[in-house]
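K.L.:
Quick one: sequence plus predicted model below, questions after.
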Amino acid sequence: MGGIFIGRLEGKVAIITGAASGMGLAGAQLFAKEGAKVVATDVVVEKLERNVNEIIENGGDVTALQLDVSKPESWSDVIDKTIRKYGKIDVLVNNAGIHIAKGILEAELDDWNKVMAINTTGVWLGMKAVIPHMQKNGGGSIINTSSIAAIVGGIGDGHGAAYSASKGAVRSLTKHAAQWFGENNIRVNSVHPGAIFTGMAEAVGIKTQENMGSHYNGKAALRPYAGESMDIANAYLYLASDESKYVTGLELIVDGGWTTRS
Ligand SMILES: NC(=O)c1ccc[n+]([C@@H]2O[C@H](COP(=O)([O-])OP(=O)(O)OC[C@H]3O[C@@H](n4cnc5c(N)ncnc54)[C@H](O)[C@@H]3O)[C@@H](O)[C@H]2O)c1
């Protein structure tokens with residue numbers, strides 16, 4: 001006879017962006033396992049549905065919805081469907097993001113605008129869309145995915161100027177929102193991953209976590225010098241759950257010690 005399992009997110013409704021792959025997908029898997037009703041969203045639909053079906057087959061309560069985080073009308077659609085199906089929103093994980101590996105001198109205005117539209121404007125639009133529902137609901141938890149690129153320079157050998165700027169904006173926007181919506185019991189925190197083996201790494205030809213880590217030996221302190229998606233999903237879980245009920249405006253760094261080096 002097994003004991004009674006009460007998940008850490010039992011009864012909570014959580015929207016996750018960028019959930020077709022990487023950290024967003026790991027978050028959807030973990031949140032479902034911990035008892036949340038999960039609205040897993042991504043701009044890429046086919047891969048999202050395939051991965052969500054697998055979570056449902058394992059007993060999770062998950063709904064897949066298409067969402068382009070840079071479009072306000074796309075947010076309205078997802079929020080309407082979520083409220084119709086689940087009646088409330090407790091958690092938003094603004095995880096979707098892109099990286100364009102161009103420095104200040106190489107980037108074109110279109111590159112810059114595209115990165116900012118998804119990584120920064122998308123986070124603002126998400127908060128704007130869910131906060132009124134959280135206010136009605138008596139509170140909530142918003143988790144914004146930033147990066148260690150918001151904290152130190154030199155990430156990606158000088159490439160990714162817009163990426164660093166976009167993630168720096170997420171860091172400060174998070175602290176702004178934490179201050180302004182604390183009185184509504186809405187907590188807003190940012191997560192700052194270091195090098196993590198995900199779809200983003202695979203897209204540039206890196207095939208394994210160890211393979212990725214070998215680039216970062218001498219930067220991260222912990223072996224294998226790169227993390228995995230579940231390391232970040234566990235940070236999302238802590239911030240989504242009531243275990244972090246007195247935590248807001250935090251920047252939770254999950255980087256194997258990279259940013260602690262002088
Ligand atoms: N992988 C790393 O080393 C690393 C390090 C620091 C921060 N991050 C951040 O972590 C987050 C997750 O990244 P990941 O590594 O899991 O990458 P990933 O590429 O595996 O996943 C990102 C997801 O976002 C989706 N997406 C892209 N544009 C979108 C849009 N307009 N609307 C909705 N979804 C969109 C993609 O389809 C993809 O499924 C990102 O914000 C990224 O910047 C990653």
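P.N.:
Cool, the structure landed.

K.L.:
Sticking with the residue in the stretch 51-200 of the chain that the ligand sits nearest to, tell me its helix or strand.
P.N.:
Closest residue of the stretch 51-200 of the chain to the ligand, C-beta to the nearest ligand atom: G97 (2.2 Å). Placement of C-beta: from N, CA and C, glycine included. Per DSSP states H and E: G97 is located in neither a helix nor a strand.

K.L.:
what's the answer for L92, then?
P.N.:
strand 91-94.

K.L.:
who touches that strand?
P.N.:
9, 12-17, 24, 27, 31, 36, 69, 122-123, 126-127, 130, 140-145, 170, 236, 240 (C-beta atoms under 8 Å, 6 or more residues apart in numbering).

K.L.:
can we see that at 7 Å?
P.N.:
12, 14-17, 27, 122-123, 126, 130, 140-145, 236, 240 (C-beta atoms under 7 Å, 6 or more residues apart in numbering).

K.L.:
Helices of the stretch 151-262 of the chain, residue ranges please.
P.N.:
161-181, 199-202, 209-213, 229-240 (DSSP state H, counting those that start in this stretch).

K.L.:
What residues does this structure have near the ligand?
P.N.:
17-18, 20-24, 42-44, 67-70, 95-99, 118, 145, 147, 193, 195-196, 198-201 (C-beta under 6 Å from any ligand atom).

K.L.:
repeat that for 5 Å
P.N.:
Contacts of the chain with the ligand, taken as C-beta under 5 Å from any ligand atom, map to 18, 20-23, 42-44, 68-69, 96-97, 118, 145, 147, 193, 195-196, 198-200.

K.L.:
List the contacts of the most centrally placed residue in the chain.
P.N.:
For the chain, the residue whose C-alpha lies nearest the mean C-alpha position (C-alpha atoms, centre = their mean) is N95; its distance is 2.2 Å. Residues in contact with N95, defined by C-beta under 7 Å, 6+ apart, are I16, T17, G18, M23, G24, G27, T145.

K.L.:
which intervals of the stretch 151-262 of the chain have sub-threshold pLDDT?
P.N.:
Residue ranges of the stretch 151-262 of the chain with pLDDT under 70: 156-158.

K.L.:
packing partners for the longest strand anywhere in the chain?
P.N.:
When the chain is parsed with DSSP state E, its longest strand is strand 186-193. Helices and strands touching strand 186-193, by 3 or more C-beta pairs under 7 Å, 6 or more residues apart in numbering; DSSP states H and E, are strand 140-145, helix 161-181, helix 229-240, strand 251-254.
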